[in-house]
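# Predicted model and sequence below, questions to follow.
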Protein chains: 2
Amino acid sequence: MAKRVTGPEIEKLIQLLAKVPGLGPRSARRAALHLVKKKEQLLGPLAEAMGEAHRKVKICSCCGNVDTIDPCTVCTDERRDQAVIIVVEDVADLWALERAGAMNAAYHVLGGTLSPLDGIGPEDLNIRGLIDRVAKGGVRELIIAVNATVEGQTTAHYITDQLEGMEVRITRLAHGVPVGGELDYLDEGTLAAALRARTVI
Amino acid sequence: MAKRVTGPEIEKLIQLLAKVPGLGPRSARRAALHLVKKKEQLLGPLAEAMGEAHRKVKICSCCGNVDTIDPCTVCTDERRDQAVIIVVEDVADLWALERAGAMNAAYHVLGGTLSPLDGIGPEDLNIRGLIDRVAKGGVRELIIAVNATVEGQTTAHYITDQLEGMEVRITRLAHGVPVGGELDYLDEGTLAAALRARTVI
């Protein structure tokens, strides 16, 4: 803004809101104005919820999930089969897989993928922790659910190598046609994979 | 989420973030995760800025602007020509006009437009305050900068009627071709207005 038309507190709020993914400078202004108008119903509770999260949030020392307790809700859930660990790149992937609701397993968040070009090596990821979890015993299966990218696959291979000789079944997500997807729009790699992995109706 | 995978504090944060305009349920999750990851750089400062705004924000009793002081930054700015008042529907319009930086005037926020169908009458808007400001004297010009909608124009006419007999020049924004706009995409009303208000090059 060329000239100041409002207090520095509100301008600061706009600046910070603009850094939230999904909001830009323009929508941050709109969001700030909406928050200020809904002061009691939204701004106050949101400020409190953020303060609460800031004070309490921690990273689970076992699986890398984000929670307010350590070990986290997933790791301490006795109704889950803690002998099956789904390995994901990011906490967002853990949440996404949970929404699918297909497995009742434990998780392990790597925090990224191996990427020599970006200088990300095994020691930058939570791979050591995973190997320790498997080495401790009691893990029956490791489902490597990393993204189907070159980096993801490299990471999957690295983990498989590291676990050689250990008594654990290592699996990966199936490749195929997305549910509701149109064949016409799919790449050849996916189509070839879906054909190879065809199942009897 | 089918099963709980994180603390109730984080789920509450996601729920509240989803109510911010520009964010939906999905992007609220992404935003919450980003905030939690940038705990010290973003989540903490944002929580503080929101708390600060919640405690301090008020509506200017003179013009209706949102600020942390009352009267607001605009009303107390002595470098502005306080004898010219730009009348807008919403605080967002005030901010937008200020970004244009074309005028160095005072403002008056109506808080909406007359809309009999929605049950919004003159007493629901900040029109009384505007008339009082003009009646007090010292106002040379009133620029009615409401939206070019039916409701906006109705509101402009109502205000003009109410001020009849008072010593004040009442103007409205010019209609015409938006800067950078293509004639081909403009409606007939705008083109006709732009032709009628043509200026000598």
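It's in.
# What segments of chain A are strands?
A:58-59, A:66-67, A:81-88, A:105-109, A:141-144, A:169-172 (DSSP state E).
# Out of the ones you listed, the one nearest residue B:151 is which?
Judged by C-beta to C-beta, the one of the strands of chain A that comes nearest to residue B:151 is strand A:66-67, at 46.0 Å. (Glycine included, C-beta is placed from N, CA and C.)
# Count the neighbours of the nearest residue to residue A:128 once chain neighbours are set aside for me.
When the adjacent residues along the chain are set aside, residue A:128 lies closest to residue A:122, with 7.7 Å between them (C-beta to C-beta, 6 or more residues apart in numbering or on different chains). Counted by other C-beta atoms under 10 Å in any protein chain shown, the residues lying close to residue A:122 total 15.
# Distance of residue A:122 relative to residue A:64?
Here residue A:122 is placed at a distance of 15 Å from residue A:64 (C-beta to C-beta, to the nearest Å).
# still on that earlier bit, so which of the strands of chain A comes closest to chain B?
Taking C-beta to the nearest C-beta, strand A:66-67 is the member of the strands of chain A nearest to chain B, at 4.9 Å.
# any low-confidence regions in chain A?
Counting by pLDDT under 70, the low-confidence segments of chain A come to A:1-2.
# which stretches of it form helices?
Using DSSP state H, the helices assigned to chain A run over residues A:8-17, A:25-37, A:44-56, A:91-100, A:127-135, A:150-162, A:188-196.
# Export those to a markdown table and append columns for mean neighbour count.
A markdown table is the format used below for these (neighbours: other C-beta atoms under 10 Å in any protein chain shown):
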| stretch | mean neighbour count |
| --- | --- |
| helix A:8-17 | 20 |
| helix A:25-37 | 19 |
| helix A:44-56 | 20 |
| helix A:91-100 | 18 |
| helix A:127-135 | 16 |
| helix A:150-162 | 16 |
| helix A:188-196 | 12 |
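# And those: which comes nearest residue B:189?
Closest approach to residue B:189 among these is made by helix A:25-37 (26.9 Å; C-beta to C-beta).
# For the closest one, give me every contacting residue.
Applying C-beta atoms under 8 Å, 6 or more residues apart in numbering or on different chains, the contact partners of helix A:25-37 are A:10, A:13-15, A:17-18, A:20, A:23, A:42-43, A:46, B:20-23, B:50, B:53, B:57, B:66, B:91-92, B:95.
# can we see that at 6 Å?
Taking C-beta atoms under 6 Å, 6 or more residues apart in numbering or on different chains as the criterion, the residues outside helix A:25-37 that touch it are A:13-14, A:17-18, A:23, A:42-43, B:20-22, B:57, B:66, B:91-92.
# close enough to count as contact, residue A:194 and residue A:179?
No - distance between residue A:194 and residue A:179: 11.9 Å, which falls outside the contact criterion (C-beta atoms under 6 Å).
# I'd like the strands of chain A as TSV, with mean neighbour count appended.
As requested, the strands of chain A are arranged in TSV below (neighbours: other C-beta under 10 Å):
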stretch	mean neighbour count
strand A:58-59	17
strand A:66-67	24
strand A:81-88	20
strand A:105-109	24
strand A:141-144	20
strand A:169-172	14
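# can you list the ones you listed in a markdown table and add distance to residue B:132?
Output for these, formatted as a markdown table (distance: least, C-beta to C-beta, whole Å):
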| stretch | distance to residue B:132 |
| --- | --- |
| strand A:58-59 | 55 |
| strand A:66-67 | 53 |
| strand A:81-88 | 62 |
| strand A:105-109 | 61 |
| strand A:141-144 | 70 |
| strand A:169-172 | 72 |
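# Of the ones you listed, which is nearest residue B:138?
Shortest separation from residue B:138 across the strands of chain A is recorded for strand A:66-67, at 57.6 Å, computed as C-beta to C-beta.
# Direction included, what does that closest one pair against?
According to DSSP bridges, strand A:66-67 forms sheet pairs with strand A:58-59 (antiparallel).
# how far is the strand it pairs with from where the chain is centred?
Counting by C-alpha atoms, centre = their mean, to the nearest Å, strand A:58-59 is centred 14 Å from the centre of its parent chain.
# Can you tell me what sits against that strand?
Outside of strand A:58-59, the residues within contact range by C-beta under 6 Å, 6+ apart are residue A:70.
# now stretch A:137-155
Residues outside stretch A:137-155 that contact it (C-beta under 6 Å, 6+ apart) are A:83-89, A:113-115, A:156, A:168-173.
# mind running it again at 8 Å?
Residues outside stretch A:137-155 that contact it (C-beta under 8 Å, 6+ apart) are A:82-89, A:93, A:97, A:103, A:105, A:110, A:113-115, A:125, A:130, A:133-134, A:156, A:159-160, A:163, A:168-173, A:175.
# end-to-end on that stretch?
The straight-line separation of the ends of stretch A:137-155 (C-alpha to C-alpha, to the nearest Å) is 22 Å.
# how far does that stretch sit from the chain's center?
Relative to its chain's centre, stretch A:137-155 lies at 13 Å (C-alpha atoms, centre = their mean).
# re earlier: who wins for proximity to residue B:72 among the helices of chain A?
Judged by C-beta to C-beta, the one of the helices of chain A that comes nearest to residue B:72 is helix A:8-17, at 10.5 Å.
# Show me what that closest one packs onto, helices and strands only.
Counting contacts by 3 or more C-beta pairs under 8 Å, 6 or more residues apart in numbering or on different chains; DSSP states H and E, the secondary-structure elements packed against helix A:8-17 are helix A:25-37, helix B:44-56.
# list the contacts for residue A:166?
Each residue near residue A:166 by C-beta under 8 Å, 6+ apart is listed here: A:134-135.
# let's see it at 10 Å
The neighbourhood of residue A:166, defined by C-beta atoms under 10 Å, 6 or more residues apart in numbering or on different chains, consists of A:131, A:134-135, A:137, A:139, A:142.
# possible to save these as TSV with distance to residue A:77?
As requested, these are arranged in TSV below (distance: C-beta to C-beta, whole Å):
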residue	distance to residue A:77
A:131	23
A:134	19
A:135	22
A:137	20
A:139	16
A:142	18
